[in-house]
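Peer 1: Pasted the sequence and its predicted model underneath.
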Amino acid sequence: MNQTSRPLYWLGLGLIGTIIAAYVLFPIFWLVLASFKTTGELASLPLTFWPKAPTIEAYTALFDANSQSSQLLRWPTLISNSFIVAVSSTILVLIFGTLAGYAFSRLHFPGRDLILGGLLISRMFQGAALLLPTYRLMNALNLQDSLIGLILLYSAFGLPFATWIIASSLREIPFELEESAIMDGASRLQSMVRIVLPLATPALITAAMWHFVGAWSEFAFASILMESADHKTVTIGLASFVELFTIEFNRVGAAATLVALPIMVVFFFGQRYFTRGLLAGAVKG
Amino acid sequence: MNRRSDAWLAYFMIFPVVAAVLAFVLGPTWDVATLSLTQFVMGQERGFGTLANFRALWADPIFPTVVRNTVIWILGGTLFCVVTGLAVGTFLAIDSKMTTALRALILLPWVLPDVVTAMAWKWMLHGQVGVIGDAFTRTGLTEKPISFLGDPNLVMWMLVVVLVWRKMPLVALILCAAIRSVPAEQIEASRMDGANARQRFRHVILPNIAFSLTAVTVISMIWITAEFTLPWVMTGGGPANASQIMSTYIYQQSFTFFNWGVGSAMSVVNLGFLICVVGLYLYVNRRSWAAGGSK
């Protein structure tokens, strides 16, 4: 341990750490700062770091019913749509993920490991290749441009991972706990609800957070399915700002900050659950 | 307990999940495969059993550009994510209060919605008032700001830079966890034998994390192949298709040009590539999957 006592070593450590922190934080910081500047300040060189005259004008403009861009996209509607979709699909994922997770970890049945493996692998195919057939499927089911359709789609996409997180946590709860409850006359359902679920709460929180963040952030599938202004989500709203990019970047920055806000809140309050889920299962796809 | 009734109960409990995946992943995969073999005339489906869509895809003048860009995107992106991820992960594995805090902070780019990341970087890379171009001119590196996303020769590499910011943290954390689980006795023994830091990394740490390194490389390839939002929102495939990759091409053909034939053909190419990478992933991971997915 001779080298760790050298002051130069700690200086180097601090320097590299600062560079990494700056690299991670700067783009986010710069975006948030832009949302408090005026359009004039953003478009003139030399660039300023701190806003000369901080203003929340960009935020009020987003919610101003009379301004031109808010007539096309009503941010209160976008925000409530995104919340409805993310929260509803999280609830569905928790209910059905817990049921399946219990079966995969507690019950014996032919094909168990094969089915669980198949579910996990299916996640790896949820990409651009499924955009066109999903659009066709939703049209055939008459679920295009419907929040219910989006909720079902996101739930289907999120279920395999939630099931896996919940199953692997239930596996660690001693079976004897449950057995003794059943011996005492509890039914399988009672033992599941009273004994197993309370112990699995951290896994349920992890699964819920992962799903909420994914559903809130999703753009590709929402953008092809949601056509009417009443049904669009925040990510579609933000992406549609591409057109007025340079002229009103403070408004883009304000919208981006609003879109990131719920995610940041979830992240800061549930950081340890997040890392837990990550190291447990991210490598599973 | 009754084994047979257990099995029925289990099938009942997993039914919703299995049905959802069959309906929304496996079904659509089948649909796009049959669609790619369907003849389209004026946007109408006319008969099944033709390779015309694949021929049209092959004949598209921008197809070679798309292939070239996709290679830069997937191979370049994976390589840079893993190399920088290994460097950062090694640093984060050091025991100190600061690295513990950084391990939490570094996930931030990873949780941020893609659309937000795309907007933030697009603004920083802006040709006139972008902060990166401004920093270059101020330090005298360039005479006037570079149009990072407007230059056909640069744009793909700029997308890779943003991709690394977005995906590298997860690679770093996974490798950091792998390095921290290297047995302490082995490191101590190599120290006693007089190995320096570089030798320790090469001969003790690297062999121990070889498995994680391979797995994370393959999984990064899968993530990067699936990534669509970042390039689409940042450039839309432009300028003049200079940053068109497989995923943005699928979107553009299917939903901007409504050319479902070529769109589905490219989707099938994408799926074929994914199947190869997933096969590689399963092969690399055969040990842990054989254990019933319990690890």
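Peer 2: Here it is on my side, so go on. Residues are numbered from 1 along each chain as shown, chains lettered A, B, ... in the order given.
Peer 1: can you pull out the helices in the stretch 51-200 of chain A?
Peer 2: A:57-63, A:68-72, A:75-106, A:112-123, A:131-140, A:147-170, A:175-183, A:188-191, A:197-199 (DSSP state H, counting those that start in this stretch).
Peer 1: Restricting to C-alpha, output the helix or strand following the last one in PDB.
Peer 2: Spelled out, that is helix A:197-199. Counting by DSSP states H and E, the element after helix A:197-199 in chain order, helix or strand, is helix A:201-217. The C-alpha atoms that make up helix A:201-217 are tabulated as PDB, following Å, rounded to 0.1, in the frame of the first residue of the first chain:
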ATOM      1  CA  THR A 201     -40.700  -5.300  -2.000                       C
ATOM      2  CA  PRO A 202     -37.200  -4.000  -3.000                       C
ATOM      3  CA  ALA A 203     -37.300  -6.100  -6.200                       C
ATOM      4  CA  LEU A 204     -40.800  -4.700  -6.900                       C
ATOM      5  CA  ILE A 205     -39.500  -1.200  -6.500                       C
ATOM      6  CA  THR A 206     -36.600  -1.900  -8.800                       C
ATOM      7  CA  ALA A 207     -38.900  -3.400 -11.500                       C
ATOM      8  CA  ALA A 208     -41.300  -0.500 -11.200                       C
ATOM      9  CA  MET A 209     -38.600   2.100 -11.500                       C
ATOM     10  CA  TRP A 210     -37.000   0.500 -14.500                       C
ATOM     11  CA  HIS A 211     -40.300   0.200 -16.300                       C
ATOM     12  CA  PHE A 212     -41.400   3.700 -15.500                       C
ATOM     13  CA  VAL A 213     -38.200   5.200 -16.800                       C
ATOM     14  CA  GLY A 214     -38.300   3.100 -20.000                       C
ATOM     15  CA  ALA A 215     -42.000   3.900 -20.700                       C
ATOM     16  CA  TRP A 216     -41.700   7.600 -20.000                       C
ATOM     17  CA  SER A 217     -38.600   7.900 -22.300                       C
END
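Peer 1: Would you tell me what the next helix or strand after helix A:201-217 is?
Peer 2: Once the chain leaves helix A:201-217, the next helix or strand it forms, by DSSP H and E, is helix A:220-225.
Peer 1: Averaged pLDDT, that following helix. What do you get?
Peer 2: Confidence over helix A:220-225 (mean pLDDT, whole number) is 95.
Peer 1: Check which helices and strands that helix is in contact with.
Peer 2: Counting by 3 or more CB pairs under 8 Å, 6 or more residues apart in numbering or on different chains; DSSP states H and E, the packing neighbours recorded for helix A:220-225 are helix A:131-140, helix A:147-170, helix A:234-239. In short, each C-beta sits where N, CA and C put it, glycine included.
Peer 1: which stretch among those comes nearest residue B:7?
Peer 2: Among these, the nearest to residue B:7 by CB to CB is helix A:147-170 (16.6 Å).
Peer 1: What mean pLDDT does the closest one get?
Peer 2: The average of the pLDDT scores along helix A:147-170 is 94.
Peer 1: Contacts (any at all) between chain B and that helix?
Peer 2: Yes. Counting by CB under 8 Å from any CB of the partner chain, chain B has neighbours in helix A:147-170: A:152, A:153, A:155, A:156, A:157, A:159, A:160, A:163, A:164, A:168.
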